[in-house]
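[1] Structural data only, the sequence is not supplied:
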């Protein structure tokens, strides 16, 4: 126990630890607000009398806004860093949440979810860039702290919708603006720190360092990014099968209640949070490449066994699979940032956006697959996707480099 408290004290003494906590809190509150959209779909369908195709259209608009714009936002702020980028993104989200609560037409809802998605497209690349800068030599740990906040926020959002909105009506979504105000408060110290950081960079006149040589040649950089894209594809296809259809699978195969299936889903969500928190620091110590290929390829034994296991073992396997897969993303993101050290925002936006897009498309495709072949067929098929993690062996080893100024 004494050793645990010594480690905890050491983490708290990490430079800029208070900024990392603020970034994690902002990520938590942002993803909480983002998760409100899908959680309110049943009420939205009843209020407006829309069909499933129109629900799909709403999801499409939201996913496009939340994914495609991320690398664009990252590229823009890489070229011209802006201290107030995070609050601007939250303004977009807050406007979208307010419109989502009171819009009475499909076009109004589409505009609302577009604004919410645009806010997400601003926060993820910008906050990830600032996290890397604030993390200094412990960027893996910093990214894990940042990302676990998003995992937590995304998991409690639907629960708060069930408690606050479902009993009273969709208009009560407006109460979630309280979380937007809390997010603005969390962003205040981040903006102050970032402003000080940019002043320090400019005062030392080191902007020319942004033109530092890439660790790999252009052709090898492109090849390596393609490998990372395959890894993200393998990760998020399997994650989509668990996050979207796990409860249906448990109910269909084992005949358990909806309440028990939700508890099982919560176990999986906890595993993703723990895996995210562990993956970054382990990557700091043992290297990004090692964590990436062990995390993704190491998921395969659990995923391949799950379709043949009983209920208790299935729950254990889902925890192990979620833990292994989630530990990969901090390492993947940091590895990509090391490939393009002067484009932190763009590369963060590219991979966050691609991850969101793959997850959304995979959920839709797997839904059609489940309708055609059954929900168990989804898990027999997706069990093999982690085997794509073998391509991580093609990743070159990158030397540790200090990040250039933003």
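    Structure received. These numbers come from a predicted model, not from an experiment.

[2] which residues of the chain fall in strands?
    Secondary structure of the chain by DSSP state E: no strands are present.

[3] domains in it, as residue ranges please.
    Annotated domains of the chain cover 16-211, 214-399 [automatic domain parsing].

[4] As TSV, these with mean pLDDT and mean neighbour count would be great.
    For glycine as for every other residue, the C-beta is placed from the backbone atoms N, C-alpha and C. TSV is the format used below for these (pLDDT from 0 to 100; neighbours: other Cβ atoms under 10 Å):
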stretch	mean pLDDT	mean neighbour count
domain 16-211	85	19
domain 214-399	82	19
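
[5] Return the residues in contact with residue 357.
    Each residue near residue 357 by Cβ atoms under 8 Å, 6 or more residues apart in numbering is listed here: 63, 67, 68.

[6] Format those residues as JSON lines; extra columns: distance to residue 272.
    As requested, the contacts of residue 357 are exported to JSON lines (distance: Cβ to Cβ, whole Å):
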{"residue": "63", "distance to residue 272": "20"}
{"residue": "67", "distance to residue 272": "19"}
{"residue": "68", "distance to residue 272": "24"}
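
[7] Now tell me what touches stretch 246-264 from outside.
    Contacts to stretch 246-264, defined as Cβ under 8 Å, 6+ apart, come from residues 265, 268, 311, 314, 315, 318, 370, 374, 375, 376, 378, 379.

[8] Distance across it, terminal residue to terminal residue?
    9 Å (Cα to Cα, to the nearest Å).

[9] what distance separates that stretch from the centre of its chain?
    Computed by Cα atoms, centre = their mean, to the nearest Å, the chain-centroid distance of stretch 246-264 equals 25 Å.

[10] Surely residue 277 touches residue 143?
    No - taking contacts as Cβ atoms under 8 Å, residue 277 lies outside contact range of residue 143: 10.2 Å.

[11] before we move on, back to that, take the contacts of stretch 246-264 and write them to JSON lines, including distance to residue 191.
    Putting the contacts of stretch 246-264 into JSON lines (distance: Cβ to Cβ, whole Å) gives the following:
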{"residue": "265", "distance to residue 191": "36"}
{"residue": "268", "distance to residue 191": "35"}
{"residue": "311", "distance to residue 191": "48"}
{"residue": "314", "distance to residue 191": "45"}
{"residue": "315", "distance to residue 191": "42"}
{"residue": "318", "distance to residue 191": "39"}
{"residue": "370", "distance to residue 191": "45"}
{"residue": "374", "distance to residue 191": "51"}
{"residue": "375", "distance to residue 191": "46"}
{"residue": "376", "distance to residue 191": "49"}
{"residue": "378", "distance to residue 191": "44"}
{"residue": "379", "distance to residue 191": "45"}
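
[12] of those residues, closest to residue 58?
    Distances from residue 58 to the contacts of stretch 246-264, taken as Cβ to Cβ, are shortest for residue 370 (20.7 Å).

[13] Might you report the residue contacts of the residue lying closest to the closest one once chain neighbours are set aside?
    Among residues not flanking residue 370 along the chain, residue 378 sits closest, at 5.1 Å (Cβ to Cβ, 6 or more residues apart in numbering). By Cβ under 8 Å, 6+ apart, the residues touching residue 378 are 241, 245, 249, 366, 369, 370.

[14] Could you work out the most separated pair of these?
    Most distant of the contacts of residue 378, by Cβ to Cβ, are 249 and 369, 12.6 Å apart.

[15] one step back: of the contacts of residue 357, closest to residue 106?
    residue 63 (16.7 Å).

[16] so how far is residue 384 from the closest residue to the closest one other than its chain neighbours?
    Counting by Cβ to Cβ, 6+ apart, residue 63 lies nearest to residue 360, which is 4.1 Å off, once chain neighbours are set aside. Distance, residue 360 to residue 384, using Cβ to Cβ, to the nearest Å: 21 Å.

[17] any idea how far residue 315 is from residue 105?
    Look at residue 315 and residue 105: by Cβ to Cβ, they are 43 Å apart.

[18] Would you check that residue 395 makes contact with residue 225?
    No - judged on Cβ under 8 Å, residue 395 makes no contact with residue 225 at a distance of 10.4 Å.

[19] pretty sure residue 180 contacts residue 95?
    No - with contact defined as Cβ under 8 Å, residue 180 does not count as touching residue 95 (9.5 Å).

[20] Now residue 50: phi and psi?
    phi -90, psi 160 (degrees, to the nearest 10).

[21] please renumber so the chain begins at 802
    All set: I'll call the first residue 802, so the last point we hit is now residue 851.

[22] which residues does it contact?
    Applying Cβ under 8 Å, 6+ apart, the residues near residue 851 are 845, 907.

[23] Recalculate using a threshold of 10 Å.
    For residue 851, the contact set (Cβ atoms under 10 Å, 6 or more residues apart in numbering) comprises 842, 845, 858, 859, 907, 910.

[24] Now for those: which two are most distant?
    It's 842 and 907 that sit farthest apart of the contacts of residue 851, by Cβ to Cβ, at 13.1 Å.

[25] Quick one: residues contacting the nearest residue to residue 1095 once chain neighbours are set aside.
    Using Cβ to Cβ, 6+ apart and skipping residues adjacent in sequence, the residue nearest residue 1095 is residue 1125, 8.0 Å away. If a contact means Cβ under 10 Å, 6+ apart, then residue 1125 has 1036, 1072, 1076, 1080, 1095-1104, 1187, 1190 as its contacts.

[26] same thing but at 7 Å, please
    Going by Cβ atoms under 7 Å, 6 or more residues apart in numbering, residue 1125 touches 1076, 1096, 1099, 1100, 1103.

[27] pretty sure the first one contacts residue 1130?
    No - with contact taken as Cβ atoms under 7 Å, residue 1076 and residue 1130 are classed as non-touching, separated by 8.7 Å.

[28] ok, longest helix in this structure?
    Counting by DSSP state H, the longest helix found in the chain is helix 1019-1055.

[29] Tell me how far it lies from the chain's centre.
    On Cα atoms, centre = their mean, the centre of helix 1019-1055 falls 13 Å from the chain's centre.
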